[in-house]
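1. dropping the sequence and predicted coords here.
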Amino acid sequence: MAIIKATENDKQEFDSAINELKEYFSSLAVRKGRPLTYNVLTYGCQLNESDSEKLSGMLSSMGLIQSEGGELDAADVIAFNTCSIRENADRHLFGNLGVFKALKKNDRDVIIAVGGCMMKVPENVDRIKKSYPYVDLVFDPQQIHKFPVLLRDAIRKDKQLVNIAADDYIAEDSFFPIDRKRKFRALVPIMYGCNNFCTYCIVPYARGRERSRSFDEIVRELSDLAANGYKEIMLLGQNVNSYKGEDGKTFADILRAASDFKEFSRVRFMSSHPKDLSDEVIDIMGTRPNVEKHLHLAMQSGSDKVLKEMNRPYTIDRFLEISEKFRTKVEGGSLTTDIIVGFPGETEEDFQATLDAVNKAKFDAAFTFQYSARPGTKAAAFENQIPQDVVTERFGRLTELTNKYSEESNKNLVGKTLEVLIEGISKAGDMTFSGRTITNHLVNFTIPEELGIDPGDDFLEGKLCEVRIDRARPYSVDGVLVSMKGE
Ligand code: 5AD
Ligand code: SF4
């Protein structure tokens, strides 16, 4: 399997396909007597969200307008960006495809395209070929830079086009028009793929081998983002700490380069593997004020035996040692994690070791998962799968414990006045605003009238303010705005 970089030639084809599609959609719009729309449905992680920003950018360049409605909004082009990790991914995709069947039946010009991690699992592609003939295009999540060319070919041929490659691809962000979802936050992928092959995980199969973007290209992108007013940078990769740039550049170099831009109030990153996290990165987090004091470090299990079976090359003692180092060097920092319950062969004793580790690490938040077998992974073929009722029962005990620590972490903030980066109106829709601290704690807050700030505008997004924290909830804290911070 080779790693193939997108070339100048690919870029020319890309531009010419976009132009051709622009003409095609513009005459279709005349025929229909209305502007055409697109709907990109995104499931899964932030890397998928980043890909969707590129898909949206490409579709906008073709003259289409983003549909305003919800997830299942009808549109002229519907693109699914699927995920293989999140629960019920299959149900989402195949259920929603069924919903759009009628739309396609009524209007032959509607285009349905499916990409994302699920399309790297051959069974899913076979199922589309067999039972969903009205899907126009199946595209490779590693080659979204080919999306316009494939879309054009699918329209020309007027029959289902499936394009899933065996090789791994990489295209720099500068290749794409990008429609960033939030005007203050930029998702910046720095590397793609994963070489770790944890035995439960489908990602190395779906996203291929690790490949890093060029350091110089990343710095150029960061510089553009700084000039364009972005305040928050999210450096993304399945395993950011194994970034390998030109001339031996490491992730620490990227983190330093990003935080050198004083325009950025927050430099964040996801995800880190305990085996690759360097002391240098922890030092940077402890000393640079605009680097977030939050480390997401997946533990997965507290049992050395289970970690070994998972092909996670560290012991729980080593994991706790790194956690301790983070706690000491990054004062007041928050540590979050992922934990899987019910991995094949997990005994009650192994599970107790996980609870013990949680009691020691006292995670500020934890994403807890019930193990589920992913076809094609090693663990799916392990014999000693755990019965569902046992998994459910352990999961209940684990979340009770992790919730206790996240609530405690939130309680520790009560009474403090903290700097918050405003993200917008909170989901509650009651003129409560939401934002995050530098430790990634979610804060919902109100704005006292006497401050004379007009909360009706979205100009607050991306700004820094001081919030007094009054109350802790299990997953967030509540507070009151004290003052806005100067630019
Ligand atoms: N079953 C349950 N959880 C999983 N994860 C990945 N694969 C599986 C699986 N097969 C979890 C891991 C990972 C997070 C993103 O999803 O905890 O860190
Ligand atoms: Fe999956 Fe493990 Fe790679 Fe994370 S490090 S993407 S869990 S294989």
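-> It's in. Numbering: from 1, shown residues only. Ligands and ions are numbered 1, 2, ... in the order given.

2. for the residue of the stretch 201-350 of the chain found nearest ligand 2, what are its contacts?
-> In the stretch 201-350 of the chain, no residue comes nearer to ligand 2 than residue 201, which is 3.1 Å away by Cβ to the nearest ligand atom. The way it works is simple: take the backbone N, C-alpha and C, and place the C-beta from them, glycine included. By Cβ atoms under 8 Å, 6 or more residues apart in numbering, the contact set of residue 201 is 85, 194, 374, 377.

3. ranking the residues you listed by neighbours, who comes first?
-> residue 194 (22 neighbours; other Cβ atoms under 10 Å).

4. ok, the closest residue to that residue other than its chain neighbours - contacts?
-> In space, residue 194 comes closest to residue 238 once its chain neighbours are excluded; the distance is 4.2 Å by Cβ to Cβ, 6 or more residues apart in numbering. Residues near residue 238 by Cβ under 8 Å, 6+ apart: 47, 191-194, 203, 207, 210, 271.

5. try it again with 10 Å
-> For residue 238, the contact set (Cβ atoms under 10 Å, 6 or more residues apart in numbering) comprises 45, 47, 189, 191-196, 201, 203-204, 206-207, 210, 270-271, 273.

6. helix or strand for it, which one?
-> Residue 238 belongs to no helix or strand when assigned by DSSP states H and E.

7. which ones among the contacts of residue 238 map onto helices?
-> 47, 203-204, 206-207 (DSSP state H).

8. buried set for stretch 259-273?
-> 259, 261, 263-273 (16 or more other Cβ atoms under 10 Å).

9. let me see the ranges of the helices in the stretch 201-350 of the chain.
-> 203-207, 215-227, 251-260, 279-287, 304-309, 316-329, 348-361 (DSSP state H, counting those that start in this stretch).

10. picking that back up, and which of the ones in helices among the contacts of residue 238 is nearest residue 175?
-> residue 47 (16.1 Å; Cβ to Cβ).

11. what sits opposite residue 335 in the beta ladder?
-> Beta-bridge partners for residue 335, by DSSP bridges, are residue 295.

12. re earlier: quickly, which of the helices of the stretch 201-350 of the chain bottoms out on average pLDDT?
-> Of all these, the minimum mean pLDDT falls on helix 203-207 (a mean of 90).

13. the helix or strand bottoming out on mean pLDDT in the chain and ligand 1 in contact?
-> The least trusted helix or strand in the chain, going by mean pLDDT, DSSP states H and E, turns out to be helix 89-106, with a mean of 87. No - Helix 89-106 is not in contact with ligand 1 by Cβ under 6 Å from any ligand atom; minimum separation 11.0 Å.

14. can stretch 183-194 be said to contact ligand 1?
-> No - between stretch 183-194 and ligand 1, judged by Cβ under 6 Å from any ligand atom, nothing touches; the nearest distance is 10.7 Å.

15. using CSV, list the CA coordinates for that stretch.
-> Extracted C-alpha coordinates of stretch 183-194, given in CSV (Å, rounded to 0.1, in the frame of the first residue of the first chain):
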residue,chain,number,x,y,z
LYS,A,183,-16.1,31.8,12.2
PHE,A,184,-13.8,31.8,15.2
ARG,A,185,-12.7,28.2,15.2
ALA,A,186,-10.5,26.5,12.6
LEU,A,187,-10.1,22.8,12.5
VAL,A,188,-6.6,22.1,11.2
PRO,A,189,-5.7,18.5,10.4
ILE,A,190,-2.0,17.9,10.7
MET,A,191,-1.8,14.2,10.1
TYR,A,192,-4.1,11.5,8.9
GLY,A,193,-4.4,7.8,9.6
CYS,A,194,-3.1,5.6,12.4
